[in-house]
Every structure is written in C-alpha cells, then in structure tokens.
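S.K.: need a 3D model of the following:
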Amino acid sequence: MKRSDKYNYVQVSRSEDHGSRTYDVFGIKLPSVTTILAKTKDTSYLDRWKAKVGHEEAERIKNLSSKRGTSMHKFIENHITGEGYDDLTEIGQQAKPMAQKIIDVGLTPVTEYYGSEVSLYYPGLYAGSTDLVCVHNEVDTIIDFKQANRPKREDWIEDYFLQIGAYAMAHDHVYGSNIQQGIILILVAILLATTTFWFWQRQRIVTKLAGVDTLTGAMTRRSLYSWYANTNFSRSTSCAVLIDLDHFKLINDQHGHLTGDEVLTCFSNIVQDRIRKTDKLCRYGGEEFLLMLKDSKKEEAELLIDDIRERLKAHSKWNTTDASLVVNFSAGIVETNTHAKLDALIDQCDRLLYTAKSSGRAQTVVATFGS
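M.R.: Got it, this is the predicted structure:
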C-alpha cells in the first residue's frame, strides 16, 4: 500500500488522571472516547467472569492479552510503514502470526493509507487514537485492530462500534472528509484461521454519546431520567444526593474557564472512582451533580460524601493554573424507600442543598423523603 499526505494530522499528548485518559489538544484537555464509554458500560458480565476464574487469574489473563495486543499492533504498524520489526520474546512470537493473519486477510483490500496510529479529536468533546485511516475497497475507511482470547458475541463489543464511529465523526468534522465505513479486525488467539470483521453503524455513536456529558463523563440529565424510569431504584432504602461546587463562578472568573472545566472533570473523576457500579452520577446542570446511591442508607451516603469532599480538597495539582486552589462543595441528601417521582426527590434535595449553602457552604444536609 502507498502512503498519501492528503491529511495533515496533528500530534497530541496523552495523559492519565485518576484512572481516566485525557488528550491535550492545543492546550485543551479532552476526555478520551474510551473514558467516556467506560462510564456507561455495563460491566456485569466482566464481574461474573472475574468471580468465576478468580481475581489473580483474571489479572493474569488481562495482562497477557494486553501485552500480546501491544506486540501485535507493533508488527502491523511496522508492516504498514515499511519498517523492519521483530519481537523474539515468547509473547512476541505469539503475536507475530496473529499480526500476519490480519495483514494477509484484513489489509489486502487496502490500496492507500493516510495515517497509522492517528490521533483524532472532536473540538470541545473528545479525542482518541485509531490504528489506521485508509482506502479499503476504494472507500475511505477507519480500521482498528483487536485481539481476543476467544470469540466474542456482538453485544459484548458494542463499545468497539461506538469508538470507531466517534473517530469517523471526528475525522469528518476536523478534516472535511467523508469516512464511509469503519472496520474492526479481531484476531482470536486460539483461532488463527479466523479474522473477524465488524462494521460500525453511524447512528449508534450518536445515541450512545448523547447519554454522556462529554466534559465530565457523567450521565446527562436526559439519560438519568431514562435510567430512573426503568429501574427499581427504591426497592430497598436508597439515597439521592444533589451536589453543587462552592464558589464555582469565582473559579471561572479568577482562573478562567479551562480551569473551571478541569475542576468539573476532576470532581467527576473522584466521584466515579469512589462509587459502585450500581450508583449513577449525572451532571445535572453547570456545576451541579446528582448522585443516585442504590441500596444505601443516609448514614452511608453521608460518609461517602464526606470522603469525596476530603479527596477533592486534597487535590492540589492543576494543569491549567499554578494557583493554589482548594475546591469544596455543598450537598443535600434524601433517603427514600418508596419509588418516588424523580422530580420530587430532586426538589427535596434542592431544598436541603439551599440550606447547606445558606449555612456557610462546604457542608451536607440530610433528610428522609417527605419529611
């Protein structure tokens, strides 16, 4: 295949913050597509698998798969760019025939490529890196290479579709292209004779990302209402918590909106690192967040909020300002054991939050629903 310089791709740096990946695009931090999708992904099947095989074995399999995947990518990338490469380690020798199968089967229709390991971004929304942008069967295409230990059901890899769709949308928006298809090449380690092709559907990424706040990775208000309508949230004692970051307007005014965005993202990351899979965090509006804690009593919810507050106050290293900035928040917690209307829950949380704000901020007010 030949290289085309049709697109002048930008180079961006990548970093990890509280377990979430971000990209620095012209001085603006954007969350990665994988980080956004991970916030709403159903991991129950992974939890069941880990419980079945045991934590240590699950970690061993995951690490082996990750190392083999990295090696496989290096073989493919160097084939595309025409550079010599070999990996004589045991993992490298496992990865080599996998890469060759993808090259022989998946890349044969590729006549021209625009970039390998391309960083892509949608301004103000997200960023990420895709394996190959090329012409595949005479159609402009984005390709991602994957490897797996065993064949996967389509519903297990929905995020792959969404990820590649997001990259296509970003490429079209920034470079004025018209990417027509995305291809996911999955090589199953135990079935080297099989290379699985998956094609994305553009509308899927629109539906999925519409439910996620692209700055913080939290749910949107609309997606939270949809979730609440289809869940037995208060089948047992549960709590709703409305949180408002204190003096947020002052942060924006004194340090700039980039710092304000970083504060929002940092807060969301701290919360989501601390809560359970069954809990839901929503960016309710501006600097307000709604946290739904299923199967939690008000005493447990208050302890959790206190811990989140201390973690946020302890965060001192900011990428967008050199100023010493300590962030705090006020919160209203409502405990319920009846399936109340969500608006009624939020309304009572809001009244408690107002009390916390009026009493000096940086505190939590707690009550039982209807009291």
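
S.K.: packing partners for the helix or strand hosting residue 119?
M.R.: Using DSSP states H and E, residue 119 sits in strand 110-122. Counting by 3 or more CB pairs under 8 Å, 6 or more residues apart in numbering; DSSP states H and E, the packing neighbours recorded for strand 110-122 are strand 2-3, strand 20-25, helix 55-81, strand 126-136, helix 158-175. Backbone N, C-alpha and C define where each C-beta goes, glycine included.

S.K.: so the residue nearest to residue 10 when sequence neighbours are not counted bridges to which residues?
M.R.: Leaving aside its sequence neighbours, residue 10 sits nearest to residue 119 (CB to CB, 6 or more residues apart in numbering; 6.7 Å). Note on residue 119: beta-bridge partners residue 129, judged by DSSP bridges.

S.K.: relative to residue 180, how far out is residue 119?
M.R.: In this structure, residue 119 and residue 180 are 21 Å apart, going by CB to CB, to the nearest Å.

S.K.: ok, now residue 340?
M.R.: Plainly put, residue 340 is 48 Å away from residue 180 if you go by CB to CB.

S.K.: neighbour count for the two, which is higher?
M.R.: residue 340 (18 against 13; other CB atoms under 10 Å).

S.K.: go ahead and confirm the more buried one touches residue 234.
M.R.: Yes. Between residue 340 and residue 234 there is a contact under CB atoms under 8 Å: 6.8 Å.

S.K.: so residue 301 sits in a strand?
M.R.: No. According to DSSP: H, G, I helix; E, B strand; the rest coil, residue 301 belongs to no strand; its state is helix.

S.K.: OK, contacts around it?
M.R.: If you count contacts by CB atoms under 8 Å, 6 or more residues apart in numbering, residue 301 has them with 239, 241, 293, 333, 335, 366.

S.K.: wait, the second one sits on residue 296?
M.R.: In other words, residue 241. No. Contact between residue 241 and residue 296 fails when scored by CB under 8 Å: they sit 9.4 Å apart.

S.K.: who has more neighbours, those two?
M.R.: Each of residue 241 and residue 296 has its neighbours counted (other CB under 10 Å); residue 241 has more, 28 against 24.

S.K.: leaving out chain neighbours, which residue sits closest to the more buried one?
M.R.: Closest to residue 241 by CB to CB, 6+ apart is residue 291, at 4.2 Å.

S.K.: and that neighbour, how many neighbours?
M.R.: 26.

S.K.: check it and give its pLDDT.
M.R.: Residue 291 carries a pLDDT score of 97 in this model.

S.K.: okay, and it sits in which element?
M.R.: With DSSP H and E as criterion, residue 291 is part of strand 288-293.

S.K.: per-residue pLDDT, the closest residue to residue 180 other than its chain neighbours?
M.R.: Nearest residue to residue 180 in three dimensions, chain neighbours excluded: residue 139, at 4.7 Å (CB to CB, 6+ apart). According to the prediction, residue 139 has pLDDT 88.

S.K.: next: residue 38.
M.R.: 79.

S.K.: do the same with the one 5 residues further on
M.R.: At residue 43, the model reports a pLDDT of 68.

S.K.: same question, residue 156
M.R.: Per-residue confidence at residue 156 stands at 65 (pLDDT).

S.K.: neighbour-wise, which of the contacts of residue 301 leads?
M.R.: Neighbour max across those (other CB under 10 Å) = residue 239, 30 neighbours.

S.K.: now it. Its backbone dihedrals?
M.R.: Dihedral pair for residue 239: phi -130, psi 140, per degrees, to the nearest 10.

S.K.: check residue 361 too.
M.R.: The phi/psi pair for residue 361 (degrees, to the nearest 10) reads phi 70, psi -180.

S.K.: with adjacent residues omitted, what lies nearest to it?
M.R.: Nearest non-adjacent residue to residue 361, counting by CB to CB, 6+ apart: residue 246, 4.5 Å away.

S.K.: surely that neighbour meets residue 362?
M.R.: Yes. Between residue 246 and residue 362 there is a contact at 6.0 Å, judged by CB under 8 Å.

S.K.: what touches both of the two?
M.R.: By CB under 8 Å, 6+ apart, the residues touching both residue 246 and residue 362 are 328-330.

S.K.: now, of these, which are buried?
M.R.: 329-330 (16 or more other CB atoms under 10 Å).

S.K.: assign residue 11 to helix, strand or coil.
M.R.: Assigned by three-state DSSP, the conformation of residue 11 is coil.

S.K.: quick check: mean pLDDT of stretch 339-359?
M.R.: Stretch 339-359 carries an average pLDDT of 94.

S.K.: to clarify, my last question referred to stretch 245-252.
M.R.: According to the model, stretch 245-252 has a mean pLDDT of 94.
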